[in-house]
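[1] predicted model, plus sequence, below.
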Amino acid sequence: MDAVVVVLLTVPVAAAIAAFWLPSRAAGGITAAAGISSFGLVVALIPAVSGRDLALHGFVRIDALSVVFLLATSFVYACVAVYSIGYQRAAGAHGGGEDRRYGRLFWAGLNLFAWSMLAAPAMGNLALLWIAIEVTTIVSALLVALEGTDGAAEAAWKYVLLASAGLAIALLGTIFVYYAGSHVLGQSYNLAFGPLLRVAGQLPHAAVRLAFVLAVLGFGTKAGLFPVHTWLPDAHSEAPTPVSALLSGSLLAVSFYAILRFYQIAAATLGTRFPRDVLLVFGVASLLLAALYLLDQQDYKRLLAYSSVEHMGILAIGVSFGAPIALAGVLLHVLAHAAAKGNAFMGAGVLVRKFGSKGISSVTGGLDLLPWSGPLFLAAILALSAMPPFGIFRSEFEIVTGGLEDSSNAAAAILVVLVTVAFFGLSLAANRMLLTPR
């Protein structure tokens, strides 16, 4: 299995290098092959991590939690890679001059972005995890600005400022964990997860408590949690559609993965009550804001971006419930949201090409004019709205069940009410775009 891990972390980089130098058509084929191969390699890792962790040279560590997020990223990577071939062709990316330059940067950046998000869950210690998520910021900011418009440049600049500030806070949280661990493990240890968890009961509580709050606030900036979510609607709206799909379907989840690693340490040190309360506050605030904004959106890419804030809030609330079935629901939600949101953004890209606008009021009769893409986009919206039989319905059902088992009845009721409000926002917009006759 070590060879599988090495290949998994090598293929996207090799594809990025090749894509930068090859013609756009060949670069698209290589990217598609890299995406599909990455997904296959992650699937091959699933049996290997069911009974043990995979460790490689002390830097790479993959366990069952890592594989869930690797699976989400690799699936979206594979879908987006294939979709991008037609997307670039429709955009006229096979021309000369500026179009050729755009194509080279797009394909190389897409592969590097996917690589950074595959690397983050595979990192074996908190320091390397922070570095990997910092790399995702650098690459994704360049991709957000790739269209070259004033709106894209402003969105990328706002993203860089907020994400950098958030990651600086997350770095401070990582330093506090190092300070706590040095009291027990000595100053030469490398922030690896395993040793920290083994001595968690001996770590100083004040330092771990502060580190967890800083980590939630810092990595929550990248995950889109309130109040540090404000970069997200602009960046997702202005980025090229394949990049938007990766941002919402994968990057937010990978950032939430970092929060989960800090949660493991905080829960083992402090008990579960404090970290669960922190996540509940951030989760409810994020879900409330997203549900209200979904009711009054005029741009369907921004609509999908606020839907991502909603689902990150649901993940935080699910972890705060603490019940095993709620945690299982959270992991299922990561996978189901990645699939649904990635496909929803790809459907939105087709709508942009067809109607030449991102305005909801400018799109009518989508099902009639797009006999294939229209129904698929509608299915993605229904999935994001937690309609049965889609996976998000099952995951949210498990999360609510976990809240009731944990006697968090008020929080579970708030979750149900706000998800219902979000459902109305999404369904009204979809009805206007797809079902209203021209």
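    Thanks, I have the structure now.
[2] got the contact list for the spatially closest residue to Thr230 that is not a sequence neighbour?
    With C-beta to C-beta, 6 or more residues apart in numbering as the criterion, Thr230 has its nearest non-adjacent residue at 6.6 Å, and that residue is Leu162. For glycine as for every other residue, the C-beta is placed from the backbone atoms N, C-alpha and C. For Leu162, the contact set (C-beta atoms under 8 Å, 6 or more residues apart in numbering) comprises Thr221, Val228, Thr230, Trp231.
[3] in ChimeraX, select just the buried ones from those residues.
    Remark: buried members of the contacts of Leu162, expressed as a ChimeraX selection using 16 or more other C-beta atoms under 10 Å:
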select :221,228,231
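[4] any idea how far Ala119 lies from Ala16?
    Distance, Ala119 to Ala16, using C-beta to C-beta, to the nearest Å: 13 Å.
[5] tell me the buried residues in the host helix or strand of the residue nearest to Thr230?
    Following DSSP states H and E, one finds Leu162 within helix 150-185. Neighbour counts over helix 150-185 (16+ other C-beta under 10 Å) mark 152, 155-156, 158-160, 162-163, 166-167, 169-171, 173-181, 184-185 as buried.
[6] distance of the residue nearest to Thr230 relative to Ile169?
    11 Å.
[7] who touches both of the two?
    Common neighbours of Leu162 and Ile169 (C-beta under 8 Å, 6+ apart) are Thr221.
[8] contacts only, for Phe274.
    Counting by C-beta under 8 Å, 6+ apart, the residues that Phe274 touches are Arg209, Phe212, Ala266.
[9] mind telling me what element the last one is part of?
    Here Ala266 is covered by helix 252-270, with elements defined by DSSP H and E.
[10] which parts of that helix are buried?
    Buried residues in helix 252-270, counted by 16+ other C-beta under 10 Å: 252-270.
[11] ok, now stretch 423-438?
    Buried residues in stretch 423-438 (16+ other C-beta under 10 Å): Phe423, Gly425, Leu426, Ser427, Ala429, Ala430, Met433, Leu434.
[12] pLDDT value on the fifth one, please?
    Just to be clear, that refers to Ala429. For Ala429, the pLDDT comes out at 91.
[13] I'd guessed it sits against Tyr300; true?
    Yes - with contact defined as C-beta atoms under 8 Å, Ala429 and Tyr300 form a contacting pair (6.3 Å).
[14] can you tell me how far Ala48 is from Leu54?
    Taking C-beta to C-beta, one finds Ala48 at 6 Å from Leu54.
[15] please say which of these two ends up with more neighbours.
    Leu54 (19 against 16; other C-beta atoms under 10 Å).
[16] so what's the residue nearest to the more buried one when sequence neighbours are not counted up against?
    Using C-beta to C-beta, 6+ apart and skipping residues adjacent in sequence, the residue nearest Leu54 is Ile62, 4.4 Å away. Applying C-beta under 8 Å, 6+ apart, we find Ile62 in contact with Val5, Leu45, Val49, Asp53, Leu54, Leu70, Pro121, Ala122.
[17] now those as TSV including distance to Phe393?
    Listed next are the contacts of Ile62 as TSV, based on distance: C-beta to C-beta, whole Å:
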residue	distance to Phe393
Val5	34
Leu45	28
Val49	27
Asp53	32
Leu54	32
Leu70	24
Pro121	26
Ala122	30
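[18] export the residues you listed as JSON lines, with columns for secondary structure and distance to Phe282.
    Shown next, in JSON lines, are the contacts of Ile62 (DSSP: H, G, I helix; E, B strand; the rest coil; distance: C-beta to C-beta, whole Å):
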{"residue": "Val5", "secondary structure": "helix", "distance to Phe282": "32"}
{"residue": "Leu45", "secondary structure": "helix", "distance to Phe282": "31"}
{"residue": "Val49", "secondary structure": "coil", "distance to Phe282": "29"}
{"residue": "Asp53", "secondary structure": "coil", "distance to Phe282": "29"}
{"residue": "Leu54", "secondary structure": "strand", "distance to Phe282": "31"}
{"residue": "Leu70", "secondary structure": "helix", "distance to Phe282": "25"}
{"residue": "Pro121", "secondary structure": "helix", "distance to Phe282": "21"}
{"residue": "Ala122", "secondary structure": "helix", "distance to Phe282": "26"}
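[19] which one among those residues gets closest to Met312?
    Checking those against Met312 with C-beta to C-beta, the nearest one is Pro121 at 16.4 Å.
[20] hang on, that closest one packs against Ser66?
    Yes - shown here, Pro121 and Ser66 form a contact pair, counting by C-beta under 8 Å, at 4.3 Å.
[21] of those two, who's got more company?
    More neighbours surround Pro121 than the other of Pro121 and Ser66, with 27 against 23 (other C-beta under 10 Å).
[22] given the helix or strand bottoming out on mean pLDDT in the chain, what are its sheet partners and their directions?
    Counting by mean pLDDT, DSSP states H and E, the weakest-scoring helix or strand in the chain turns out to be strand 54-56, with a mean of 83. Using DSSP bridges, strand 54-56 pairs in its sheet with strand 60-62 (antiparallel).
[23] now do the partner strand: distance to the chain's middle.
    A distance of 19 Å separates the centroid of the chain from that of strand 60-62, by C-alpha atoms, centre = their mean, to the nearest Å.
[24] and what of stretch 245-265?
    So, by C-alpha atoms, centre = their mean, the centroid of stretch 245-265 is 6 Å from its chain's centroid.
[25] how about that stretch as PDB, C-alpha atoms only?
    Output of stretch 245-265 as PDB, limited to C-alpha atoms (Å, rounded to 0.1, in the frame of the first residue of the first chain):
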ATOM      1  CA  ALA A 245     -16.700  22.900  -7.900                       C
ATOM      2  CA  LEU A 246     -13.400  22.000  -6.300                       C
ATOM      3  CA  LEU A 247     -13.600  24.900  -3.800                       C
ATOM      4  CA  SER A 248     -17.100  24.000  -2.600                       C
ATOM      5  CA  GLY A 249     -17.000  20.200  -3.000                       C
ATOM      6  CA  SER A 250     -13.500  19.600  -1.700                       C
ATOM      7  CA  LEU A 251     -11.600  22.600  -0.200                       C
ATOM      8  CA  LEU A 252     -14.200  23.400   2.500                       C
ATOM      9  CA  ALA A 253     -14.300  19.700   3.500                       C
ATOM     10  CA  VAL A 254     -10.500  19.500   3.700                       C
ATOM     11  CA  SER A 255     -10.400  22.600   5.900                       C
ATOM     12  CA  PHE A 256     -13.000  21.000   8.100                       C
ATOM     13  CA  TYR A 257     -10.800  17.900   8.300                       C
ATOM     14  CA  ALA A 258      -8.200  20.100  10.000                       C
ATOM     15  CA  ILE A 259     -10.700  21.200  12.600                       C
ATOM     16  CA  LEU A 260     -11.600  17.500  13.300                       C
ATOM     17  CA  ARG A 261      -7.900  16.700  14.000                       C
ATOM     18  CA  PHE A 262      -7.800  19.500  16.600                       C
ATOM     19  CA  TYR A 263     -11.200  18.300  17.900                       C
ATOM     20  CA  GLN A 264      -9.700  14.800  18.500                       C
ATOM     21  CA  ILE A 265      -6.900  16.300  20.600                       C
END
